[in-house]
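Participant: have a look at this prediction, sequence included:
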Amino acid sequence: MKYFVDKHSIVREIWGKSDTILLVFAGASAEFALNKAVDWLYFTGMLPKDPLGRLFSTVNYARAIVFSEEKSALKAIDNINAIHGSVEKSRGQKIPEWAYKDVLFMLIDYSIRSYEILERTLTQSEKQDVLNVFNKVGTRMGLNNLPLTYSDFEIVREAHLNQNLKYGAYSKNLYQQYRKHLGIFRYRLLLESQILLLPNTVRQMLNLRKISLLTPMISVYKLFRSIKLDWMVKELLLPPEYKQDIKRMNVT
């Protein structure tokens, strides 16, 4: 059976652990709020109504593609295009290509950042592997002129952060929704996770400090994970309604 992502790819290791996926989720929640095309997510009403569910669906789609065989993964990508096409038809406008690329780029960047925070530094070839996998997704979606090397990606990524993000009314509203749906304690945890993870450009737009309070706790969490007690931490910290979804993210 041919899989969309090679069984030996580092991407499978990154996206096979709920820990790293949750950090990707934290980064994506920040960039969704700041992206100049966030009005598209407000157009359907789904994002402000259920911001956590909407973000989890994006992450779950990416994860499903990573672990699917070739035909199923291509079908899932085509389904994403069909959903977006339906929204475009309803609004009578086209979603700009740069907005699609922004989502693709954040998945690449936060996959790498999350894994390096919780596991180890990736080699240049492993980072290139991450880029290649998501470029394959982007190509199927019909995106053009994707960066082919990781060094090129870093340049393009920084340009997109500077050009396509801003703090506006939607940003403020979406963070208010995060706080409402998470509660004050988990909301603060989200912010600290974002401080830990976000590129400087994004962190500064959100007026977040440089050093996360979670930094000294990473080693403690790794210790809990090594003795199979990380579930206790997750039981305490995660919203109850998403605990089963998060458990299913772990691929053994």
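Facilitator: Perfect, thanks for sending it. Source: prediction; values computed, not measured.
Participant: and residue 212, how many neighbours?
Facilitator: Other residues lying near residue 212 total 20 when counted by other CB atoms under 10 Å. Just so you know, the C-beta spots here come from the backbone N, C-alpha and C atoms, and that holds for glycine as well.
Participant: got the contact list for it?
Facilitator: Listed by CB atoms under 8 Å, 6 or more residues apart in numbering, the contact partners of residue 212 are 192-193, 195-196.
Participant: what comes up buried for stretch 11-27?
Facilitator: 11-12, 14-27 (16 or more other CB atoms under 10 Å).
Participant: closest to residue 148 out of the contacts of residue 212?
Facilitator: The nearest member of the contacts of residue 212 to residue 148, counting by CB to CB, is residue 196 at 29.7 Å.
Participant: so how far is residue 249 from that closest one?
Facilitator: From residue 196 across to residue 249, the span is 19 Å (CB to CB, to the nearest Å).
Participant: higher neighbour count, these two?
Facilitator: residue 196 (22 against 19).
Participant: low-scoring stretches of the stretch 151-252 of the chain, by residue?
Facilitator: For the stretch 151-252 of the chain, the stretches with pLDDT under 70 are 229-239, 242-243, 245-248, 252.
Participant: what are the boundaries of the helices in it?
Facilitator: Secondary structure of the stretch 151-252 of the chain by DSSP state H, counting those that start in this stretch: the helices cover 169-182, 184-197, 200-205, 217-226, 230-237, 243-247.
Participant: which one of those helices lies closest to residue 96?
Facilitator: Of the helices of the stretch 151-252 of the chain, nearest to residue 96 by CB to CB is helix 169-182, at 15.8 Å.
Participant: got the contact list for that closest one?
Facilitator: Contact with helix 169-182 is made by 29, 32-34, 38-39, 42, 47-48, 50-52, 187, 189-190, 206, 239, as judged by CB under 8 Å, 6+ apart.
Participant: restricting to C-alpha, output it in CSV.
Facilitator: Only the C-alpha atoms of helix 169-182 are listed here, as CSV (Å, rounded to 0.1, in the frame of the first residue of the first chain):
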residue,chain,number,x,y,z
ALA,A,169,-11.1,44.0,15.2
TYR,A,170,-11.3,40.4,14.2
SER,A,171,-8.1,39.6,16.2
LYS,A,172,-9.5,41.2,19.3
ASN,A,173,-12.9,39.4,18.9
LEU,A,174,-11.3,36.0,18.3
TYR,A,175,-9.1,36.2,21.4
GLN,A,176,-12.2,37.1,23.3
GLN,A,177,-13.8,34.0,22.0
TYR,A,178,-10.8,31.9,23.0
ARG,A,179,-11.1,33.2,26.5
LYS,A,180,-14.8,32.6,26.6
HIS,A,181,-14.5,29.0,25.3
LEU,A,182,-11.4,28.0,27.3
